[in-house]
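1. quick one, what's the 3D model for this:
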Amino acid sequence: MSTSLQAVSDDVEESDNIHQNQYLTFLLGDEEYGVDILRVQEIRGWDSVTTIPNAPAFIKGVINLRGTIVSILDLRERFGIESVEYNELTVVVVLRVKGEGKDRIMGVVVDAVSEVYHIAENDLKDPPDLGYAINMDYMRGMATVDDKMVIILDIDQLMSLKEIDDATESGEKAVED
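-> Purely as a prediction, here's the structure:
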C-alpha cells in the first residue's frame with residue numbers, strides 16, 4: 001500500500017513541475033491566436049461603438065460597459081490583415097490589460113472564438129527571431145496544439161502602445177463630455 005501512495009505522491013510532484021496555463025483562442029483569418037484566459041473579462045457579440053476622431057484605423061471606438069469606458073481595437077487591422085465585414089460570428093473579447101501603474105479594460109474584435117487550450121509552460125516556444133525589421137514584443141510564444149500552430153499574445157505588450165494610450169485618453173474625454 002505504501003508503494004502505491006508513493007507513486008501517487010511522485011505523480012503529483014511531477015505534475016506540479018509542469019505548469020499549465022489556459023488560453024482562450026480566437027481566429028483572425030486562418031490563424032489562431034491565444035490570450036491568457038485569466039485576462040478575459042467577457043465575450044460579446046459585435047455592437048456599434050462611439051468612434052474617436054483622429055484615432056488610428058485599428059481603434060474602432062469606445063463603448064460604455066457598465067459604467068466603464070472600453071476601447072475597442074480591431075486585431076485584423078492592428079496586425080495588417082485584410083479587413084472583413086463584421087458578421088454574426090464577429091465577437092469582441094473584453095480583456096483586462098496591465099498598464100504602467102494601472103489596469104484597464106479593453107476589447108479586441110476578432111473573427112470568432114475558437115477553443116480553450118491547456119498549454120504547459122515548457123510547450124510554449126519562443127517567437128521566431130525576424131531581426132529588427134519586425135517588432136515581435138507582442139508575442140509571448142507559439143505552441144503546437146492538435147497539429148496546428150497557436151500564437152500566444154502578450155496582451156499587455158500589444159495594448160501598451162503609445163498610439164493606443166493617446167486615442168484611449170481622447171476617447172474617454174469625448175465620452176465624458
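2. ok, what's across the strand from the residue nearest the centre of the chain?
-> When Cα atoms, centre = their mean is applied to the chain, the residue found nearest the centroid is V35 (4.0 Å). For V35, the beta-bridge partners are L24 (DSSP bridges).
3. ditto for L65
-> Going by DSSP bridges, L65 forms beta bridges with T68.
4. my guess is it meets I105, correct?
-> Yes - L65 lies in contact with I105 (Cβ atoms under 8 Å); the separation is 6.9 Å. C-beta coordinates here come from the backbone N, C-alpha and C atoms, glycine included.
5. any common contacting residues for the two?
-> V94 (Cβ atoms under 8 Å, 6 or more residues apart in numbering).
6. how about the strands in this structure?
-> 20-28, 31-36, 40-45, 59-65, 68-74, 91-98, 103-110, 112-120, 139-145, 148-153 (DSSP state E).
7. need these in JSON lines (columns: distance to P128 and mean pLDDT).
-> Listed next are the strands of the chain as JSON lines, based on distance: least, Cβ to Cβ, whole Å; pLDDT from 0 to 100:
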{"stretch": "strand 20-28", "distance to P128": "18", "mean pLDDT": "93"}
{"stretch": "strand 31-36", "distance to P128": "14", "mean pLDDT": "94"}
{"stretch": "strand 40-45", "distance to P128": "26", "mean pLDDT": "95"}
{"stretch": "strand 59-65", "distance to P128": "27", "mean pLDDT": "94"}
{"stretch": "strand 68-74", "distance to P128": "24", "mean pLDDT": "93"}
{"stretch": "strand 91-98", "distance to P128": "24", "mean pLDDT": "94"}
{"stretch": "strand 103-110", "distance to P128": "22", "mean pLDDT": "93"}
{"stretch": "strand 112-120", "distance to P128": "18", "mean pLDDT": "93"}
{"stretch": "strand 139-145", "distance to P128": "8", "mean pLDDT": "88"}
{"stretch": "strand 148-153", "distance to P128": "10", "mean pLDDT": "92"}
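8. redo these as a markdown table? Include distance to I81.
-> Listed next are the strands of the chain as a markdown table, based on distance: least, Cβ to Cβ, whole Å:
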| stretch | distance to I81 |
| --- | --- |
| strand 20-28 | 6 |
| strand 31-36 | 8 |
| strand 40-45 | 20 |
| strand 59-65 | 15 |
| strand 68-74 | 9 |
| strand 91-98 | 16 |
| strand 103-110 | 11 |
| strand 112-120 | 14 |
| strand 139-145 | 15 |
| strand 148-153 | 12 |
